[in-house]
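> no FASTA, just this:
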């Protein structure tokens with residue numbers, strides 16, 4: 001075999017092996033290979049935004065997915081890890097618009113228009129989009145890149161359109177005017193999940209209004225938003241509030257606008273919390289969700305005083321019109337002061353909703369939008385409740401169930417241009433116009449039979465609606481039904497909606513005809529696009545060729561695992577489950593692993609604004625991809641937040657160096673690789689390491705099956721660094737440096753056996769260095785290509801030695817105890833040296849309690865770094881000789897000539913005095929009731945622990961003093 005370099009060069013190794021894996025198509029899945037003996041394993045990547053760049057969150061999520069995928073390959077499964085990116089409607093359009101504004105190309109999106117701006121976004125996507133995909137490759141992600149998908153691919157877009165039409169046919173999609181979260185910057189509606197709540201320092205403005213029917217009776221109202229007072233249409237009190245019950249039905253004058261102080265009714269509504277503030281609420285139906293609901297109950301008028309961009313309109317009055325909302329707030333307070341209405345201002349802290357993408361405060365806005373009633377809710381709730389789909393950790397199942405119980409209709413429309421445009425065309429007309437046979441275009445539209453189109457007719461005021469056409473019924477059937485309505489009820493204004501999917505895989509030509517007829521008849525397409533999540537909820541099956549029953553879909557759906565963050569459990573995970581049941585008739589994945597949030601050492605969430613989020617690519621350049629992967633997994637306990645510390649990545653690098661050096665050590669011993677192990681020549685240390693390897697394989701396998709990745713890395717670290725390198729390799733030097741060639745060859749066979757198993761255990765975590773060493777050590781030699789000959793990726797996952805194998809090697813449980821007794825004796829001996837600050841080779845004397853073979857004595861000598869190690873059953877120590885009682889007998893450390901006894905006594909004496917002084921201080925504090933009764937429990941616990949620590953240190957020092965005689 002070629003000799004390994006003295007030092008490991010990860011950058012060169014990682015680039016070379018990743019390209020080799022790609023060239024050899026190691027990541028590509030083939031549904032034809034799936035069988036009972038080669039079961040499918042599949043996982044779909046949570047598609048990162050096409051605008052995204054690699055973050056530590058991506059590193060954590062994708063490392064976990066890669067570990068699962070690589071181990072599945074080693075278990076002999078056909079693995080599909082399907083990658084892709086999300087078009088990220090609002091986020092991507094924001095990025096491009098900001099870029100164009102910075103370049104001076106536009107001041108507003110309207111300067112370009114819809115088609116031109118979308119073209120610019122496509123240009124940007126082709127040039128800059130997908131950077132994160134190349135970065136994931138740097139991490140070692142073993143995705144099937146030949147199947148990379150984008151939520152704006154033509155066939156994916158066809159899936160989205162098909163689903164919209166299907167839901168529209170079922171009556172689950174409707175258009176309505178409701179209160180929504182509105183982003184004044186992006187000028188679009190947002191879902192609740194796209195709103196981030198942030199604590200803000202605000203001002204609470206208290207102003208008074210007079211009851212018109214009772215002059216001299218004033219009501220004080222508190223608000224943080226005086227700028228929307230012109231939109232108030234009532235004053236509300238709780239009908240159970242005895243202070244105000246007699247005022248219900250009376251009126252006050254709205255103070256703003258000054259030139260239009262209209263009378264407002266005082267109404268009673270139980271929504272008002274009469275224990276909060278003054279118990280009097282101003283009701284602004286157009287600018288607050290709760291107020292809107294009050295307004296609906298009391299049939300209050302709705303006055304919208306704000307433009308979509310957050311600028312006050314003419315209804316706000318001449319003093320506020322044209323002002324930006326926050327400037328208008330200050331001006332409104334000034335106006336209240338000028339008219340004598342403002343009572344006081346006080347500092348107030350509240351939680352304010354911010355647009356997740358634009359990072360500006362949102363507005364509650366009454367807006368006409370498209371909504372969806374969720375499908376397949378019952379099945380989606382039961383599949384988790386029954387345990388058929390498992391959440392890891394399982395506590396998230398309760399959170400999921402709670403959310404599924406209180407579902408509200410989903411606002412699926414967005415007022416941006418980058419996205420899947422809603423496939424609905426509409427036109428207002430007289431109902432009688434629909435039956436005008438002279439209008440050949442309109443008549444032609446209704447004569448078309450199309451399974452992917454549906455026509456809905458409603459009155460312009462929305463009071464009556466007909467959803468007539470479903471399935472493959474000719475549209476003119478619904479037309480005749482409407483004629484009956486027309487004959488009975490007369491003519492009236494209607495809006496006709498045509499919902500059709502132009503990219504249908506079934507009848508594309510017919511669909512295009514429907515659209516052409518609609519547009520020729522004066523119908524216009526809805527300008528809105530669909531919420532980004534409306535496309536990504538189809539991800540598990542739309543990426544595999546649905547609606548066609550493709551070989552990929554048959555082989556790999558439902559998927560095996562999903563790895564994601566709990567912050568999107570509602571607006572992605574839950575929706576994917578519902579979509580899976582609605583269109584595939586079964587769950588989309590069997591297990592969901594929720595990662596924690598990565599935080600810095602101060603517990604803060606990683607963010608660019610705080611400057612506490614390191615660049616993963618820089619960490620890879622400094623430490624290696626393997627080091628980053630190992631470091632982040634070591635600190636990622638199941639379901640808990642991760643406290644990121646770069647020292648863990650450094651530790652990962654050191655671990656890789658240790659692995660490299662261990663392989664080089666084996667090469668330096670020479671001999672043939674992977675020879676047969678002779679049971680008769682196994683030493684106690686050989687048997688011990690084989691048993692420890694067995695334990696490690698079992699623990700790592702169980703941890704991975706339970707999704708406990710940090711436990712798996714902890715086991716790997718303990719086994720390799722401590723048990724293998726620190727103990728076994730050191731102990732094996734007794735044989736390797738000896739003259740018995742047969743024992744030496746057998747020890748090398750054991751080392752090869754352990755190393756080959758160790759590399760396979762490590763591979764999912766450390767793919768690059770394990771591949772390099774697998775080939776560098778020649779472990780791939782004579783193996784079939786699909787079992788590790790070409791790549792360690794397909795080498796079989798290690799299994800512990802079974803009972804027959806243990807019996808063949810003559811390994812018994814007591815063998816582990818014998819070795820552990822020896823290592824305990826070594827630890828005690830090292831402790832004696834540490835006590836007296838001795839760090840050089842010294843003489844030890846062992847007074848054994850049993851007969852020890854020469855080989856075991858030599859192992860003890862090497863591990864103790866003893867020069868010499870005397871074994872003397874009749875040894876009589878001089879007074880004060882330090883000793884330790886070990887499982888092998890009493891171990892002595894003669895100090896003659898090693899230390900200056902008097903100087904050591906003096907040093908220890910000073911430490912004894914200090915320990916006694918500190919112990920006296922802490923004991924006195926704990927005895928002082930004034931102290932113990934006032935300090936927090938945490939401080940009390942710290943002092944109690946300090947007392948225990950000083951007591952233990954003092955006892956140890958006195959032992960040392962006694963040992964000196």
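Done, it's in. Here the structure is a predicted model, which is why all the values come from computation and not from measurement.
> Residue 825 touches residue 888, doesn't it?
Yes: if you go by C-beta atoms under 8 Å, residue 825 and residue 888 touch, sitting 4.7 Å apart. For every residue, glycine as well, the C-beta is placed using N, CA and C.
> Name the residues contacting each of these two.
846, 860 (C-beta atoms under 8 Å, 6 or more residues apart in numbering).
> in this structure, which ranges drop under the pLDDT threshold?
Applying pLDDT under 70 to the chain flags the ranges 1, 434-453, 462-489, 502-512, 607-610, 639, 897-901, 963-965.
> Can you pull up the most central residue in it?
Closest residue to the average C-alpha location of the chain: residue 565 at 2.6 Å, with C-alpha atoms, centre = their mean.
> what sits against that one?
Taking C-beta under 8 Å, 6+ apart as the test, what residue 565 contacts is 57, 61, 594, 595, 597.
> can you give me the helices in the stretch 451-600 of the chain?
When secondary structure is read from DSSP state H, counting those that start in this stretch, the stretch 451-600 of the chain shows helices at 475-489, 508-520, 532-536, 539-542, 551-556, 575-579.
> before we move on, which element is residue 867 in?
strand 866-871 (DSSP states H and E).
> helices or strands up against that strand?
strand 842-848, helix 854-864 (3 or more C-beta pairs under 8 Å, 6 or more residues apart in numbering; DSSP states H and E).
> Residue 832 touches residue 882, doesn't it?
Yes: using C-beta under 8 Å, residue 832 is in contact with residue 882, at 5.1 Å.
> hey, what's in contact with both of those two?
Each of residue 893 lies in contact with both residue 832 and residue 882 under the rule C-beta under 8 Å, 6+ apart.
> all strands for the stretch 1-150 of the chain, in order.
Using DSSP state E, counting those that start in this stretch, the strands of the stretch 1-150 of the chain run over 40-44, 78-82, 84-85, 149-150.
> Tabulate the helices and strands packed on strand 866-871 in CSV, adding columns for mean neighbour count.
As requested, those are exported to CSV (neighbours: other C-beta atoms under 10 Å):
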stretch, mean neighbour count
strand 842-848, 20
helix 854-864, 20
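> Residue 719 is nearest to which of the ones you listed?
Closest to residue 719 of these, according to C-beta to C-beta: helix 854-864, at 18.1 Å.
> Run the chain-centre distance for stretch 105-116.
Mean C-alpha position of stretch 105-116 versus that of the full chain (C-alpha atoms, centre = their mean, to the nearest Å) differs by 35 Å.
> I meant to write stretch 8-27 there.
Distance, centroid of stretch 8-27 to centroid of chain: 27 Å (C-alpha atoms, centre = their mean).
> Could you list the residues in contact with that stretch?
81, 137-138, 140, 142-146, 621, 624-627, 656-657, 660, 767-769, 771-772, 790-791, 793-794.
> Give me the buried entries from those.
With burial judged by 16 or more other C-beta atoms under 10 Å, the buried subset of the contacts of stretch 8-27 is 81, 137-138, 140, 142-145, 624-627, 656-657, 660, 767-769, 771-772, 790-791, 793-794.
> Return the subset of these lying in helices.
Under the assignment DSSP state H, those contribute 137-138, 625-627, 656-657, 660, 767-769, 771-772 to helices.
> ok, residue 100 - contacts?
Contacts of residue 100 by C-beta under 8 Å, 6+ apart are 106, 112, 120.
> Roughly how far does the closest residue in space to the second one that isn't next to it in sequence sit from residue 156?
Once flanking residues are discounted, residue 112 sits nearest to residue 106: 5.7 Å by C-beta to C-beta, 6 or more residues apart in numbering. Look at residue 106 and residue 156: by C-beta to C-beta, to the nearest Å, they are 29 Å apart.
> distance of residue 534 from residue 420?
Here residue 534 is placed at a distance of 7 Å from residue 420 (C-beta to C-beta).
> More neighbours: which of residue 106 and residue 156?
A direct count of neighbours by other C-beta atoms under 10 Å for residue 106 and residue 156 places residue 156 higher, at 22 against 17.
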